[in-house]
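Novice: okay, sequence plus prediction incoming.
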Amino acid sequence: MTGLAVTLSPVGAAEPPKTHHKTVKVGDLDIFYREAGPKDAPVVLLLHGFPTSSQMFRHLIPRLADKYRVIAPDYPGFGHSSMPARDKFAYTFDHLAEVVEQFTDKLELKKYALYVQDYGAPVGYRLAVKHPERVTAIVVQNGNAYDEGLDNDFWKPIKAYWKEPTSKDKREALRGFTKLAATKWQYTHGVKNPELISPDAWTTDQYLLDRKGNDDIQLDLFLSYGSNPPLYPQWQEYLRTHQPPVLIAWGKHDQIFPAAGAEPYKKDLKTLDYHLLDAGHFALETNGDEIAGLMREFLGKHLK
């Protein structure tokens, strides 16, 4: 037995950081989150996109957690957090950001670096504008803050719904985005080698999307996404005024948030580490090692 133990745990080998899966009460909501790393280390707050959850960070968390306290919550209606009915909870980006703000207060996170991807951008930038003193740095991975990033064919049916928010036809035209084919497409489009992506990723997302009523929750959020472009000037003013260090690690083949949305950050930021990756929307699935390496170098410079 002793020999076996030595074989499994070589002398001097570092224990890999363990991810803990937790739930905290925020008001009436159970908010699920993943956490790893030393309690007294600088905090990195990972904010997920649609249609996924904190599971998109399952491989990134242990790659950072030896040096950082890494925390990734699921928004209400996503992942393993509460999914209250639509008549009990307004599914808007203002409301998601309020819940995440309360979540950070509950965990007493006084300062944090943000990682924003997809929906993580409108949630994270609301936090940053309200509490600029808390944000130590920002990692942007296909997270939009400029009109240029939405000027493409993908957004046409969504913008049509924004113009006619009471139109049942415009709403129903978007329901396909909650189905399996669209979920898989989000992971695989623009990817040179789709075999690198585990089907577990979209299968897990779709299982949660298929919960009764979740598709209409997502359609409410498609409508609410229209609240974000009017806020872009505020977010850009925040970047110009407070000049947080920013790392752009952007999948350049993403058809939802193409590289046109990454370029404008250059005009507002003085401390910018800019990388267009040979990847798609969920770049962590194929380029996780590359992004983790960029983050470790970037965070090492700016978080003490």
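Specialist: Perfect, thanks for sending it. Numbering: from 1, shown residues only.

Novice: residues in contact with the residue nearest the centre of the chain?
Specialist: Note on the chain: the residue nearest the mean C-alpha position is residue 48, at 2.3 Å, using Cα atoms, centre = their mean. Shown in contact with residue 48 (Cβ atoms under 8 Å, 6 or more residues apart in numbering): 54-57, 72, 74-75, 78-79, 117-120. Placement of C-beta: from N, CA and C, glycine included.

Novice: where do the helices of this structure begin and end?
Specialist: Ranges of helices within the chain are 2-8, 60-64, 93-106, 120-130, 156-163, 168-172, 180-188, 199-209, 214-224, 232-242, 265-268, 283-302, based on DSSP state H.

Novice: deepest-packed of those helices, please.
Specialist: Mean neighbours per residue, mean count of other Cβ atoms under 10 Å, is largest over those for helix 120-130, with a mean of 23.

Novice: contact partners of it?
Specialist: Applying Cβ under 8 Å, 6+ apart, the external contacts of helix 120-130 come out as 45-49, 75, 93-94, 96-97, 100-101, 104, 114, 116, 134-135, 138, 140, 143-145, 225, 227-228, 231, 234-235, 238, 242, 244.

Novice: might you calculate how far that helix sits from the centre of the chain?
Specialist: Relative to its chain's centre, helix 120-130 lies at 11 Å (Cα atoms, centre = their mean, to the nearest Å).

Novice: that one to helix 93-106, inter-axis angle?
Specialist: Here helix 120-130 runs at an angle of 60 degrees relative to helix 93-106 (axes from the mean of the first three to the mean of the last three Cα atoms, to 10 degrees).

Novice: CA atoms only: put helix 120-130 into PDB for me.
Specialist: Written as PDB, here are the backbone C-alpha positions of helix 120-130 (Å, rounded to 0.1, in the frame of the first residue of the first chain):
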ATOM      1  CA  GLY A 120     -20.700  38.800 -18.900                       C
ATOM      2  CA  ALA A 121     -19.900  42.100 -20.600                       C
ATOM      3  CA  PRO A 122     -23.200  43.900 -19.900                       C
ATOM      4  CA  VAL A 123     -23.300  42.400 -16.400                       C
ATOM      5  CA  GLY A 124     -19.700  43.300 -15.700                       C
ATOM      6  CA  TYR A 125     -19.700  46.800 -17.100                       C
ATOM      7  CA  ARG A 126     -22.700  47.700 -15.000                       C
ATOM      8  CA  LEU A 127     -20.700  46.700 -12.000                       C
ATOM      9  CA  ALA A 128     -17.700  48.600 -13.100                       C
ATOM     10  CA  VAL A 129     -19.600  51.800 -13.800                       C
ATOM     11  CA  LYS A 130     -21.300  51.600 -10.400                       C
END
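
Novice: quick one: low-confidence ranges for this structure?
Specialist: The model of the chain has pLDDT under 70 over residues 1-13.
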